[in-house]
Each structure stands twice: as C-alpha cells, then as structure tokens.
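Visitor: A predicted structure for the sequence below; I have some questions about it.
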Amino acid sequence: MPYTVQLQQFEGPLDLLLHLIEEAELDVKDIFVSEITAQYLSYMDQLDELDMDTASEFLTMAATLLYIKSRQLLPRPPKEDEAEEDPETLLIRQLRDYKAFKEASEQLKTLFEDAKNSRTRLPEDIPLPPKEVALDGATMEGLFAAFLEMLARKKDEPEVIHSQHVNPDRYTVRSQTAKIRSVLLEKHAISFEDLFTADAERTEIIATFMALLEMIARGEILLKQKAPFAPIRISADKLLLDDDNYEYMDESED
Amino acid sequence: MEERKEEAKQESRNEQLLRHKIECMLFVAGDPVAITELARVLDLPMPKMRNLLSEMEYSYRVEGRGVQLLVTHDTAQLVSNRDYIEEVKQLVNPDETKSVSQSLLETLAVIAYRQPVTRADVERVRGVRCDYAVTQLQKLDLIVEVGRKDVVGHPTLFGTTDKFLRQFGIHTVDEMPNFQHYSQEIIEDSSEEIPVV
Amino acid sequence: MEERKEEAKQESRNEQLLRHKIECMLFVAGDPVAITELARVLDLPMPKMRNLLSEMEYSYRVEGRGVQLLVTHDTAQLVSNRDYIEEVKQLVNPDETKSVSQSLLETLAVIAYRQPVTRADVERVRGVRCDYAVTQLQKLDLIVEVGRKDVVGHPTLFGTTDKFLRQFGIHTVDEMPNFQHYSQEIIEDSSEEIPVV
C-alpha cells in the first residue's frame, strides 16, 4: 500500500470493504476472487487504537471473511439448505445495500448544502393591539333577562332592606387608594388624620388603612413616624396613575 | 430599432434581478440595512441605489403586499404591512372567549339603561357592590368614563361604548328592549308594570 | 356576461388579498407556521388553504423573488432565495449551519428512504451500531419515533420530521434524490445501474 489509511476514517467494516473494492476497481460481486480479504485483514493491525464497539465490528467482519475463504478451500457439500442464504451472497447483498445508501447520503448532503443557502429570519418584533376578548353569552336577550331578573329580585326583598338599613359599602380599598392618590398629587405630604373627617365611618377608616398598606407595598407612598405615637406622615413616592391591573382584597365577582 | 428594444428588455430584466437581490438581503438581515452597504454589495452608485429602493417601496405599497419596504434617508428595511395586523394578531395572540357572568350583565344593564351613572347609582339599584364588575366592564371596553357627577366627591359617570353597541348588535342604546320604560329615573316604583320574563 | 366577469375579478382580488395576508403573517412569524393555524385565522377550509400556498410558492419561484415560500405537509415558512446567497453572504456575517457528519448522514439516509424503520434495520444496512447517530438525529429533531414494530420486543420505528423536510428544502420525502430507487426493499437487483461513486 502506498499510504496508510486510518481505520477511524471508515464508518465500519462495510465502508472499509467498499473502499478496498473501489481502490481495486472491482465490482462488488468479484470481492472473493480478489486479494481484498488479505488487504482487509492487514488493516486489523490498527484495531488497538479503536474502542471496543468499533473493534468488535471490524473483527466480526474479519471472521466472516475468513470463514468464507475457508469454505472456498474446502470441497462443498453437494446440496446446501436452500432456505439459508450462503454467507458470500449475504455479504455481497449487504455491500450493495450499503453502497446504495452511501450514495443516497451523498446526494442528501448536496440537497442539504443547497438548502443551507436559504436563510430564515427571526420573528418580527411588532407591537400588537391588545388581545380582544370575545364575549360569550353577551346577547341583548341575555342582557335584558339579567336586568329583569335583578329588578324582580329587588322587588322580592324590600323588607330586608327596610328592616336592616343596609347601606352599601361606600368605601372600598380601590376608591380610598384613588382618593389618597389625588390628595397626594396636590399636597405631596399629609398626615394620616388628614385623610378623614371627624365623623368618619369605621368602614371608611378600615378601607383607608388597607389602601395605605397596599400603596406601601407597591412603593407608591412612604410612611414616616418620628417617634412612637407621633403623627404618621404620608408622602408620595412613585404614585401609580392606573391600578386597573390590581385586584384588591375586598373585590371579587359578587 | 429592434436592437434597442432588446436592450431595453435586458435592462428591465437586470433591474428586476437587482430588486430580487435587495429583497433577499433585506429579508435575511431583518434589521435596517445601510443603503451604502447595499450599494457596496450590488456595486451600484448611490443615486441609482436610492432610486431603486424608492421604486420598490412604492410598488410594494400600491400592490398592498404583506411585506413592505421602509426606506429612510440612510437605511432600508423590510417590515410587515400594518394593514394586515388583525390577521397577525389572530395568529400570534388569538382572541379569547370569555363567558359573561350574571353580575357583569346586571351591572352593564343598569349602566346601559341609565347612563350616565356613577358606581354608587349602580350599587343602589343592584344592592351589592359593583367595583369589580365596573372595572371588568371597563377592561372589556364595554363601558367608559364619560364625565364627573356634579355632587360632593365628583364621582365618575359611566356610559356604554361603541363596542357595547356592536357586541349587542344595536345602533343606539334606545334600541334596547323597552328602553323608554327602563331608562326612567325611578324603576322601583313602576316595577309592578314590568312584564314577567 | 358582464356580471360574471365582474365576479371573477372580485374573486381574484380576494385571492390576492389572502396572499398578501399570508405573506404578512409568515413574515412576522419568521418560524414555520402550521398550515392549520393559517386556515384558522383566514377562516378557510384546509384544501383551499393548501392550494393557495402551493400557488404562492410556485409564483414566488417563477418570479425569482428574493423571498421564497417553503411549504411542507404541515407548515409554511418564508425563506430567502438561495440563488442570491452570494449577495447575502457579502452583506451579513456568514452564519453557516453546522455540517452533518458522514455517519449521521448515512443513518439519516436509511431512515429517510426506508421509513418507518427500526434501529436494527439501519444497523443491518450500515453494518455498524447506530445508537449514537440515532440519538443525535432525534436531538436535532430530524427524526422522530413514529410507532412500534409488531415483532418480538416491539422495537421503536423511526421516521423523518417536518424539520427534516425544511432543512433539506423539500416538500415531501419522495422529492429526495432517486427516491423510487433507494426506497425499494431490495436494492441489489438494479445495482448495476447505479452510477459509480
């Protein structure tokens, strides 16, 4: 051999055999009347450098080749089992199959290289209008039915309203938050007491206090107390203009 | 004569090819590309380059193509045609279907029949708090702030939107069932007359 | 007569508009878009949708436009025209996709031409173990498990993916080179005709 070819560059024993066949300019079917078996075996000297898996594949093939060779040296039994393909035919078929797919993979490679010349682009980053919410069940009939139902319900329970004097909660965390915000936009700093009138209802004080807690948590305001029991000063920090995205603890559907 | 015709044809083919190459480069680049860069690659003088780009920009626009060319003084870029933003939105961010709750419908009904009203007005009719429902209806763009009531505290007045009309398939609010009747100030008193559903 | 002409004109205008919308959506998406998604947004039946896409793909190609449409069975994507790769390379940094190794290519070829196949089928052809190659191809999303073979041990069957088609710039597997030839169960009979490598 004029130069040594490293075994690692072959994809396996079939690849090596094909290489040898091509070098000798032989047809696949003539492999057993050539010196290729001997050449193949000479490559086996390199097996030490290969890992076990690869080495065993090359060795198995070497054994097969030797077996076939030995069969040729011995007189053959007159009639072999028809059902079983003899090892020569099997190997030739394997080699042809492999050769075909080696070619196919070459052609796929060309296809791949060509396709690589087509580039794609990243998604465009465009501001999209807000997500529309399609309303299910929002028909005029439904609206009107709901309206009538509500009126009927009101009509059913007037006594309750009279006897208990239920005032709707006029103070909510949201409304108090908005109120504090508007005061702070004008005055910047106020004391806690400034937020109430003398006759403030208890619900108003509670809602206002909860609103303050929310606003501290969101960094909208700062609270300062110089000493225990001293007046609490509230000053604006990063007031929000819009808290539609927040849901307050006293809010829920119904 | 014939020859000149042939020449003109060749010229226009060349221009077409240049346009395709420009489109290709801008497509791959994504970001705006300096016009000088395009001129360098295509080996064209700048005035010719700018001319080509303006012509392309114009023809993309009049054809109404999905991709448009945006040419500034220094750069060119392919961008999507904003006329088809609705389709893009439906692809990327499809609409959501949401069922409307009873409380939303009731609140909406009061606001629709009685507009403009404050939240307190709605609460008086419904007998329950409506903060959440009102906020939701605003988010759904079915109601909107239309002003301030001239009373202590200047509470916000709400009214319905165009989207409300579209959603319920009417042209004006007085097309709502029995609008004359229910839009009266005092409903409770006349509630005896309300037809049973 | 006149009326029918007018109708046909309107029809063609509508189709043109649909094409522009499709181009716009695909441009914004960048990535491959499921054809079912396009059909959903445009509210078109799937056969009509596929037809439109094929027509568009064809006309982009014959016009030689800078942007081309690549339609596979499941997806559509805008890609740059490979004919203008030289200009693209001169403009943007060459961003070469990694090359695929010989062993991956051989394994992929067997799977692509013979799908669905088991790993043992691939190994029988290649004469070597293919665990690594198969795992790598799965990671690259070029092949995927498509089922189990109904034999002892129920080995996994592999097939190629939509990404495989796109990566190789084809619509269906039978567009692979010499598909009829290589996909045959027994190749050796016609091996004399195979051109020498």
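Guide: Right, received. Where do you want to start? None of the values given here were measured: they were computed from a predicted structure.

Visitor: residue contacts, B:Leu69?
Guide: Neighbour list for B:Leu69: B:26, B:53, B:56-57, B:60, B:76-79 [criterion: Cβ atoms under 8 Å, 6 or more residues apart in numbering or on different chains]. All C-beta atoms are positioned from the backbone trio N, CA, C, and that covers glycine.

Visitor: List only buried entries from these.
Guide: Neighbour counting with 16 or more other Cβ atoms under 10 Å in any protein chain shown marks B:26, B:53, B:56, B:60, B:76, B:78-79 as buried within these.

Visitor: Pretty sure A:Leu111 sits against C:Ile170.
Guide: Yes: between A:Leu111 and C:Ile170 there is a contact at 7.1 Å, judged by Cβ atoms under 8 Å.

Visitor: For B:Glu123, give me the pLDDT.
Guide: Here, the pLDDT recorded for B:Glu123 equals 87.

Visitor: make that B:Asp74, sorry
Guide: B:Asp74 is given a pLDDT of 91.

Visitor: Quick one: the strands in chain B, in order.
Guide: B:33-34, B:67-71, B:75-80, B:96-99, B:143-148, B:156-160 (DSSP state E).

Visitor: I'd like those as a markdown table, with distance to C:Glu7 appended.
Guide: Listed next are those as a markdown table, based on distance: least, Cβ to Cβ, whole Å:
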| stretch | distance to C:Glu7 |
| --- | --- |
| strand B:33-34 | 43 |
| strand B:67-71 | 29 |
| strand B:75-80 | 31 |
| strand B:96-99 | 35 |
| strand B:143-148 | 42 |
| strand B:156-160 | 40 |
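
Visitor: Could you tell me which residues of chain B lie near chain C?
Guide: Within reach of chain C by Cβ under 8 Å from any Cβ of the partner chain, chain B has these residues: B:16-17, B:19-29, B:33, B:37-38, B:40-42, B:63-67, B:78, B:80-81, B:84, B:87-88, B:90-92, B:94.

Visitor: Report the buried members of the residues you listed.
Guide: By 16+ other Cβ under 10 Å, those give B:19-29, B:33, B:37-38, B:41-42, B:64-67, B:78, B:80-81, B:84, B:87-88, B:90-92 as buried.

Visitor: quick one on the thing from earlier: give the residues shared as contacts by A:Leu111 and C:Ile170.
Guide: Both A:Leu111 and C:Ile170 are contacted by C:Met176, under the criterion Cβ under 8 Å, 6+ apart.

Visitor: Let me see the ranges of the helices in chain B.
Guide: Remark: helices assigned in chain B by DSSP state H are B:2-29, B:35-42, B:46-63, B:85-92, B:102-114, B:119-126, B:131-139, B:162-167, B:179-182.

Visitor: Comparing the ones you listed, which yields the minimum mean pLDDT?
Guide: helix B:179-182 (a mean of 81).

Visitor: what stretches of chain A score poorly on pLDDT?
Guide: Within chain A, the ranges that satisfy pLDDT under 70 run A:1-5, A:76-84, A:132, A:137, A:154-169, A:196-202, A:226-231, A:249, A:252-254.

Visitor: those helices in it, which residues are they?
Guide: Under DSSP H, chain A gives helices at A:13-23, A:36-43, A:52-73, A:87-115, A:140-156, A:158-164, A:173-187, A:202-217.

Visitor: Of all those helices, which one comes closest to chain B?
Guide: Taking Cβ to the nearest Cβ, helix A:140-156 is the member of the helices of chain A nearest to chain B, at 3.5 Å.

Visitor: Now do that closest one against helix B:119-126: the angle between them, please.
Guide: 70 degrees (axes from the mean of the first three to the mean of the last three Cα atoms, to 10 degrees).

Visitor: Find the residue at the geometric middle of chain B.
Guide: B:Glu86 (7.4 Å; Cα atoms, centre = their mean).

Visitor: quick one: it and chain A, what's the gap?
Guide: Distance, B:Glu86 to chain A, by Cβ to the nearest Cβ, to the nearest Å: 8 Å.

Visitor: That residue: what's it in contact with?
Guide: So B:Glu86 contacts nothing (Cβ under 8 Å, 6+ apart).

Visitor: what's the spacing between it and C:Leu26?
Guide: Distance, B:Glu86 to C:Leu26, using Cβ to Cβ, to the nearest Å: 16 Å.

Visitor: need the contact list for A:Glu23.
Guide: By Cβ under 8 Å, 6+ apart, A:Glu23 lies in contact with nothing.

Visitor: Give me the phi and psi for A:Lys238.
Guide: The phi/psi pair for A:Lys238 (degrees, to the nearest 10) reads phi -110, psi 80.

Visitor: doesn't A:Ile216 make contact with it?
Guide: No: contact criterion Cβ under 8 Å: A:Lys238 and A:Ile216 do not qualify, at 11.5 Å.

Visitor: Please identify which of these two sits among more neighbours.
Guide: A:Ile216 (14 against 10; other Cβ atoms under 10 Å in any protein chain shown).

Visitor: Give me the neighbour count for the nearest residue to that one once chain neighbours are set aside.
Guide: Once flanking residues are discounted, A:Ile216 sits nearest to A:Leu223: 6.2 Å by Cβ to Cβ, 6 or more residues apart in numbering or on different chains. By the measure other Cβ under 10 Å, the count of residues near A:Leu223 is 14.

Visitor: And for B:His154?
Guide: Applying other Cβ under 10 Å, I find that B:His154 has 12 neighbouring residues.

Visitor: Contact partners for it?
Guide: Applying Cβ under 8 Å, 6+ apart to B:His154 gives the contacts B:Arg148.

Visitor: how about it, phi and psi?
Guide: Dihedral angles for B:His154 - degrees, to the nearest 10 - are phi 40, psi 60.

Visitor: separation between B:Ile170 and chain A?
Guide: 7 Å.

Visitor: show me what contacts that residue?
Guide: Applying Cβ under 8 Å, 6+ apart, the residues near B:Ile170 are A:140, B:176.

Visitor: give me phi/psi at it?
Guide: Backbone geometry at B:Ile170, expressed as degrees, to the nearest 10, gives phi -130, psi 170.

Visitor: could you measure it against chain C, distance?
Guide: 25 Å.

Visitor: tally of neighbours for the residue lying closest to A:Lys29 once chain neighbours are set aside?
Guide: In this structure, A:Lys29 finds its nearest non-sequential neighbour in A:Ile92, 5.6 Å apart by Cβ to Cβ, 6+ apart. Neighbour count for A:Ile92, taken as other Cβ under 10 Å: 20.

Visitor: Touching, A:Ile92 and A:Asp30? I think so.
Guide: No: applying Cβ under 8 Å, one finds A:Ile92 not in contact with A:Asp30, separated by 9.5 Å.
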